[in-house]
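> Sequence first, then the predicted structure:
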Amino acid sequence: MEQQKAATSGALQAPLTGPTNNPTAAAQALLGNRAATYHPLLNNTRVDQQHMGVPGASISKPSTGEALMKSHSDSHALIRSDRGSMLSMSDDNVMMKQILATHAPDGREFDVRPLLDLVEDILNRATQHVDFLVKGTTQAQIEMEEKALQANHIAMLKALTYTIDRIASELSYKALGVSDAHATTTAIFNLLSSYTWDAKLVLSLSAFALNYGEFWLLAQIYSTNQLAKSMAILRQLPSLLEHTASLKPRFDALNNLIRAMIDVTKCVVQFTQQPSTYISQDVPVLATAMNLFLTCWSMVACATQSSNLSSMGHEFGISTTESWELSTLAHKLRNIYELLQQQLNLCYQYIEEKTDVAFYQLLLTLFDPNALHIDNMKVLKALIYDKDDKLPLLDSATKRRVSLDVLRRKNVLLLISSLEFANDELAILEQIYNESRIHATRLESQYEVVWIPIVDHSIIPMPEEMQTKFENLQSTMPWYSVQDPLFIKKPVIRFIKEVWHFRTKPILVVLDPQGKVVSPNAIHMMWIWGSTAFPFTSLREEALWREETWRLDLLVDGIDPTVLNWIKEEKYIFLYGEDDVEWVRRFAARSVASASRIPLEMVYVGKSRKREHVKKVVGIINAEKLSYAWQDPTMVWFFWTRLESMLFSKIQLGRADDQDPVMQQIKKLLSYGREGRWAVLSRGSNIVVNGHSTTVLPTLGGYDEWKVNMAELGFDMAFKEYHDKLHDVAHPCCRFQFPTIIRTPENMRCPECHRVMEKYTSFICCHDDQGIPGSLF
């Protein structure tokens with residue numbers, strides 16, 4: 001076998017002698033290797049491609065199939081119109097029966113695509129060279145595509161050279177003889193009787209390219225190569241090229257027809273390359289034969305014109321009828337191409353839909369809770385496009401592309417988001433991630449984060465603005481990220497939205513080292529407990545909740561060390577929030593603390609929305625020294641986000657129990673935060689009162705009434721006793737609004753009166769791009 005390859009290679013080198021730096025010559029030599037011997041096509045069967053006998057066969061879809069069935073009638077109508085002259089067509093049905101009678105494929109196949117690439121390169125260079133000669137420009141020819149001269153084409157061409165030469169000879173001989181185009185076309189179909197429809201077309205076009213390419217190859221090199229110059233003189237090329245300007249209309253007519261032939265041929269070949277799974281054979285073979293016959297007839301017409309130019313030189317005058325014939329053929333082929341392209345687009349669309357559905361089903365199978373995998377590679381490669389040995393990830397540390405193998409057998413956190421990623425969210429996530437990396441050997445640090453960007457695939461390519469936004473986001477992230485958003489395919493996006501319930505807010509899906517989903521969204525865990533929640537499984541989440549109690553540490557952990565120090569010192573602490581400055585002034589009066597002589601601290605934590613207004617309130621608090629206030633808006637954001645995450649976490653676990661005291665207090669605080677004017681009183685870590693303004697402010701105002709109980713109960717319990725009496729009289733409304741990204745409870749009891757709450761659907765806009773994500777508010 002190796003000797004045979006060497007012999008083949010050697011046989012093909014001889015024609016390259018001379019102008020080896022000429023790409024057209026190189027392509028021409030490959031196609032025109034007359035020294036190669038004929039080998040049966042059985043040695044070159046195409047085993048990697050689903051074969052279709054009928055280009056333009058319909059798609060297995062009723063509506064699309066009906067559209068494709070039009071190809072027969074449309075092509076038939078095109079050919080039946082505009083009869084006459086040298087290329088006049090006899091009765092269509094008789095003609096087509098003759099062509100169909102020649103069609104006897106023997107089952108042997110070969111991949112026509114490499115040959116078509118080579119032919120297209122030759123004809124493109126030949127037609128471009130005409131324009132080059134006429135315009136007299138010095139613009140360089142477009143470089144030949146590497147695929148046109150790949151070494152693996154040689155064996156295939158060796159087997160096909162004999163057939164191509166026979167057709168080329170038929171075209172050259174008949175073009176100068178008395179045979180009409182019909183007879184020549186029929187003779188070519190007889191020569192190609194054993195080939196499939198697409199092979200007939202490509203082989204015919206190859207033969208035409210061989211003759212036409214030789215003609216223009218001489219035109220390119222005759223002025224610099226003596227051998228070519230002598231041959232050009234025999235072909236009257238110098239005389240012809242002196243009159244290229246006057247012959248331009250003739251060349252234009254030829255070029256337009258040649259380009260139409262290439263387009264139709266490529267379209268037919270593209271049909272044959274579609275998977276047979278999605279293609280049915282319900283379109284009559286007659287439609288295919290009609291299209292191919294007209295294309296082959298066009299080749300004969302072009303061969304006739306080019307042969308006459310070569311033999312008669314510039315004195316050859318193309319008649320008006322012949323010029324009209326070329327234009328008519330080009331017009332007909334262009335219409336056929338447009339019909340085929342329309343059908344092909346429908347085919348692509350249908351196949352894409354079918355393959356997307358199949359891939360979606362594969363994802364469902366891979367992520368089935370009962371599925372077993374030896375590692376996480378199979379599921380990661382399904383989620384992130386990893387074809388052709390691409391490196392789909394960007395390592396933030398090195399800024400280099402890496403393979404998915406860096407994630408093999410690791411705990412992987414998939415950070416899924418759109419390009420609208422709030423700065424606050426990203427900043428806190430980065431802080432938690434970086435803190436975990438300080439102690440990289442600790443158990444809670446043994447995980448990797450991968451950003452999965454979700455973009456609209458209907459906008460391809462991505463606009464520059466969107467691409468810039470993606471790159472800016474990617475550059476700030478300290479973890480792995482997908483190199484290109486388009487690596488996340490449409491069925492994967494559908495899976496992420498339908499199964500993992502991604503909408504607009506970021507989610508954090510956790511995969512264990514075997515690729516199993518152990519948490520559908522760990523971002524709530526991350527907000528509440530940070531890396532302490534490792535390995536971020538639902539079981540770990542439940543275990544952490546079992547350890548929690550209603551305490552101030554739970555509310556402010558990881559936000560403000562000053563408040564945590566006050567907790568350790570067992571101080572009395574008021575957390576409060578509102579955006580009404582007058583209410584803040586009334587609430588922040590320290591007369592109660594002074595009168596009772598207790599160590600009392602007050603912390604303004606803002607409101608769950610109206611970010612800019614909260615900033616103004618903080619400024620007034622600082623100026624008037626009313627209380628301590630969080631200066632960084634991110635701290636305010638994180639406080640409310642953690643509070644929401646506590647509720648979402650419980651709901652996600654299916655543990656939002658109305659009897660759970662922690663959940664009842666969290667729901668109260670969330671509802672108060674939406675209504676405004678609330679306060680939480682604690683002594684150290686122990687929360688004493690979680691109340692609304694309608695009860696907390698009157699309790700402070702009624703200090704003279706309950707201070708007598710302080711000696712016996714202490715400040716905290718005396719405050720609570722009086723507050724609870726007022727609370728029994730006044731119950732503010734409670735409201736909760738859930739985003740679509742989480743599972744909404746079927747029902748919920750009011751944390752105040754314990755009645756079942758009414759359910760509404762609402763739309764919310766807080767007019768604050770940088771505010772709280774708005775999950776509940």
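Nice, I can see it.

> What are the boundaries of the strands in this structure?
393-395, 400-402, 412-417, 448-453, 480-482, 507-511, 517-519, 572-577, 600-604, 628-629, 678-683, 686-692 (DSSP state E).

> Select, out of those, the one closest to residue 717.
strand 686-692 (7.3 Å; Cβ to Cβ). C-beta here means a position set from N, CA and C on the backbone, and glycine is covered the same way.

> ok, and the closest non-adjacent residue to residue 425?
Nearest residue to residue 425, sequence neighbours excluded (Cβ to Cβ, 6 or more residues apart in numbering): residue 506, at 6.2 Å.

> Touching, residue 408 and residue 376? I think so.
Yes. Judged on Cβ atoms under 8 Å, residue 408 makes contact with residue 376 at a distance of 6.8 Å.

> So for the two, which sits in the more crowded spot?
Applying other Cβ atoms under 10 Å to residue 408 and residue 376 shows that residue 376 carries more neighbours, namely 22 against 13.

> Please report the distance of that one from residue 595.
Per Cβ to Cβ, to the nearest Å, residue 376 is found 63 Å from residue 595.

> Residue 669 too?
With distances taken as Cβ to Cβ, residue 669 is found 28 Å from residue 595.

> So for the two, which sits in the more crowded spot?
Set residue 669 next to residue 595 and count neighbours by other Cβ under 10 Å: residue 669 wins out with 24 against 11.

> which residues touch that one?
Residues in contact with residue 669 (Cβ atoms under 8 Å, 6 or more residues apart in numbering) are 555, 643, 678, 680, 690.

> Can I get these in JSON lines including distance to residue 106, neighbour count and pLDDT?
Putting those into JSON lines (distance: Cβ to Cβ, whole Å; neighbours: other Cβ atoms under 10 Å; pLDDT from 0 to 100) gives the following:
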{"residue": "555", "distance to residue 106": "81", "neighbour count": "22", "pLDDT": "93"}
{"residue": "643", "distance to residue 106": "76", "neighbour count": "21", "pLDDT": "91"}
{"residue": "678", "distance to residue 106": "86", "neighbour count": "26", "pLDDT": "87"}
{"residue": "680", "distance to residue 106": "87", "neighbour count": "23", "pLDDT": "92"}
{"residue": "690", "distance to residue 106": "86", "neighbour count": "22", "pLDDT": "89"}
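
> With distance to residue 413 added, can I get those residues in CSV?
Below are those laid out as CSV (distance: Cβ to Cβ, whole Å):
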residue, distance to residue 413
555, 25
643, 22
678, 34
680, 32
690, 33
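
> Of those, which is the nearest to residue 124?
Proximity to residue 124 was ranked across the contacts of residue 669 by Cβ to Cβ; first place goes to residue 643, at 66.0 Å.

> so the closest one touches residue 672, yeah?
No. At 10.7 Å, residue 643 does not count as touching residue 672 under the criterion of Cβ under 8 Å.

> Of the strands of the chain, which is nearest residue 262?
strand 400-402 (36.7 Å).

> Paired strands for the closest one, with orientation please.
Strand 400-402 has the following strand partners under DSSP bridges: strand 393-395 (antiparallel).

> List the buried residues in the partner strand.
393-394 (16 or more other Cβ atoms under 10 Å).

> Now do residue 545 against residue 659, distance only.
Residue 545 is 14 Å from residue 659, by Cβ to Cβ.

> These two: who's more crowded?
Shown here are residue 545 and residue 659; by other Cβ under 10 Å, residue 545 has more neighbours (19 against 8).

> which residues sit in contact with the more buried one?
Per Cβ under 8 Å, 6+ apart, neighbours of residue 545: 649-650, 653, 655, 662.

> Of those, keep whichever come out buried.
649-650, 653, 662.

> Reformat those residues into a markdown table and put pLDDT and distance to residue 328 next to each item.
Listed next are the buried ones among the contacts of residue 545 as a markdown table, based on pLDDT from 0 to 100; distance: Cβ to Cβ, whole Å:
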| residue | pLDDT | distance to residue 328 |
| --- | --- | --- |
| 649 | 89 | 73 |
| 650 | 86 | 76 |
| 653 | 83 | 74 |
| 662 | 88 | 84 |
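
> want to throw these into a markdown table with distance to residue 572?
Listed next are the buried ones among the contacts of residue 545 as a markdown table, based on distance: Cβ to Cβ, whole Å:
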| residue | distance to residue 572 |
| --- | --- |
| 649 | 29 |
| 650 | 29 |
| 653 | 34 |
| 662 | 22 |
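
> Out of the helices and strands in the protein, which is least certain?
Scoring the helices and strands of the chain by mean pLDDT, DSSP states H and E places helix 2-13 at the bottom, with a mean of 34.

> quick one on the thing from earlier: list the contacts of the residue nearest to residue 425.
The contact partners of residue 506, taken as Cβ under 8 Å, 6+ apart, are 415-417, 421, 425, 523.

> Quick check: phi and psi at it.
Backbone torsions of residue 506, given as degrees, to the nearest 10, read phi -60, psi 140.

> repeat for residue 625
Taking degrees, to the nearest 10 as the convention, residue 625 sits at phi 50, psi 50.

> Okay, it and residue 604: tell me how far apart.
Distance, residue 625 to residue 604, by Cβ to Cβ: 12 Å.

> about what we covered before: what's the closest of the strands of the chain to residue 536?
Judging these by Cβ to Cβ, what sits closest to residue 536 is strand 507-511, at 4.4 Å.

> per-residue confidence averaged over that closest one?
For strand 507-511, the mean pLDDT works out to 95.

> who does that strand pair up with?
strand 412-417 (antiparallel), strand 517-519 (antiparallel).

> residues contacting residue 360?
So residue 360 contacts 491, 494-495 (Cβ under 8 Å, 6+ apart).

> Can you lay out these as JSON lines showing distance to residue 714?
Listed next are those as JSON lines, based on distance: Cβ to Cβ, whole Å:
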{"residue": "491", "distance to residue 714": "63"}
{"residue": "494", "distance to residue 714": "59"}
{"residue": "495", "distance to residue 714": "57"}
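
> okay, these in TSV with neighbour count next?
Shown next, in TSV, are the contacts of residue 360 (neighbours: other Cβ atoms under 10 Å):
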residue	neighbour count
491	19
494	15
495	22
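
> Can you flag which of the residues you listed belong to helices?
With helices taken from DSSP state H, the overlap with those comprises 491, 494-495.

> Which one, of the strands of the chain, ends up nearest to residue 98?
For these, the distance to residue 98 is smallest for strand 480-482, at 57.2 Å, taking Cβ to Cβ.

> The closest one: partners in the sheet, and parallel or antiparallel?
strand 393-395 (antiparallel), strand 448-453 (parallel).

> which residues are contacting the shortest one?
Read it as strand 393-395. Contacts for strand 393-395 (Cβ under 8 Å, 6+ apart): 384, 400-404, 406-407, 450, 474, 480-483.

> where's the residue nearest to residue 425 relative to residue 551, distance?
Taken as Cβ to Cβ, the span from residue 506 to residue 551 is 28 Å.

> who has more neighbours, residue 625 and residue 604?
residue 604 (24 against 8).

> can you pull the contacts of the more buried one?
For residue 604, the contact set (Cβ under 8 Å, 6+ apart) comprises 576-577, 584, 588, 617-618, 621, 626-630.

> export those to CSV and tack on pLDDT, distance to residue 233 and neighbour count?
Below are these laid out as CSV (pLDDT from 0 to 100; distance: Cβ to Cβ, whole Å; neighbours: other Cβ atoms under 10 Å):
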residue, pLDDT, distance to residue 233, neighbour count
576, 90, 102, 23
577, 86, 97, 25
584, 85, 101, 23
588, 69, 105, 18
617, 87, 95, 22
618, 89, 93, 19
621, 89, 99, 20
626, 87, 103, 19
627, 88, 103, 18
628, 91, 100, 20
629, 91, 96, 21
630, 90, 93, 22
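
> which among those gets closest to residue 436?
Nearest to residue 436 among those, with distances taken as Cβ to Cβ, is residue 630, at 24.2 Å.

> Isn't the closest one up against residue 614?
No. With contacts counted by Cβ under 8 Å, residue 630 stays clear of residue 614, the gap being 9.4 Å.

> Need the residues touching each of the two.
Contacts common to residue 630 and residue 614, judged by Cβ under 8 Å, 6+ apart, are 606, 636.

> and residue 424, what does it touch?
633-634, 637-638, 641, 770.
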